[in-house]
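>>> Turn this into a model:
(chains A, B and C)
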Amino acid sequence: MNAASSEEGLRARVLALVAQIPPGRVMTYGQLATLAGQPGAARQVGYVMNGLMDTGSAHSPGLPWQRVINAQGKVSTDKLGFGDLQRGLLRAEGVEFDASGKCDLGRLQWWPEEAATGQERLL
DNA sequence: TCAGTGACTGGTC
DNA sequence: CGACCAGCCACTG
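Sure, this is the predicted structure:
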């Protein structure tokens, strides 16, 4: 068995990564897909997140789903109706959004290796 | 089994 | 920067 067993599927893998995102930081769908071992499966990651709403937070209490945004640095939940909610949650954590609704990915995007190396954010 | 769909991404115009 | 197109994987009817 490989270190990252995919018995639970991409879903559990993505949720585990999302749960590790520190406050004030964000990750992209494609990034999660790559870290989950399936580069290019960004769409699937979005599907997993959408599944969170269906199953309810009971399955993953406290899961910081709001820290998952698209590669453009914008939230993909505007069309869903709770884009303002996600932006509000992120802003409460210190994430600043542009007038276009974009945030600085280069500064806010988080990678697990940062935690491993103990690298501090530049700010 | 096939076709449609989606909280995506990258390239081209 | 916005609009369009093709590739991508899992789920639904």
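
>>> hey, let's count contacts and neighbours off CA atoms from now on
Will do.

>>> right, is the host helix or strand of A:N50 up against DNA strand B?
Take DSSP states H and E as the rule and A:N50 turns out to sit in helix A:42-55. Yes. Helix A:42-55 is in contact with DNA strand B by C-alpha under 7 Å from any atom of the strand, via A:42-47, A:49-53.

>>> Format the CA atom coordinates belonging to that helix as CSV.
Taking only C-alpha atoms (Å, rounded to 0.1, in the frame of the first residue of the first chain), the coordinates of helix A:42-55 have been written out as CSV:
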residue,chain,number,x,y,z
ALA,A,42,-10.0,20.1,-10.1
ARG,A,43,-13.6,19.6,-11.2
GLN,A,44,-13.9,16.6,-9.0
VAL,A,45,-12.6,18.5,-6.0
GLY,A,46,-15.4,21.0,-6.6
TYR,A,47,-17.8,18.2,-6.7
VAL,A,48,-16.6,16.9,-3.4
MET,A,49,-17.0,20.3,-1.8
ASN,A,50,-20.5,20.5,-3.2
GLY,A,51,-21.1,17.2,-1.6
LEU,A,52,-20.3,18.7,1.8
MET,A,53,-23.5,20.8,1.6
ASP,A,54,-25.6,17.8,0.7
THR,A,55,-24.2,15.5,3.5
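
>>> which secondary structure elements does the helix or strand that that helix is followed by contact?
Per DSSP H and E, the first helix or strand lying C-terminal to helix A:42-55 is strand A:68-69. Applying 3 or more C-alpha pairs under 8 Å, 6 or more residues apart in numbering; DSSP states H and E, we find strand A:68-69 packed against strand A:27-28.

>>> bridging residues for the residue most central in space within chain A?
Against the mean C-alpha coordinate of chain A, by C-alpha atoms, centre = their mean, the closest residue is A:V68 at 2.4 Å. Here A:V68 sits in beta bridges with A:M27, going by DSSP bridges.
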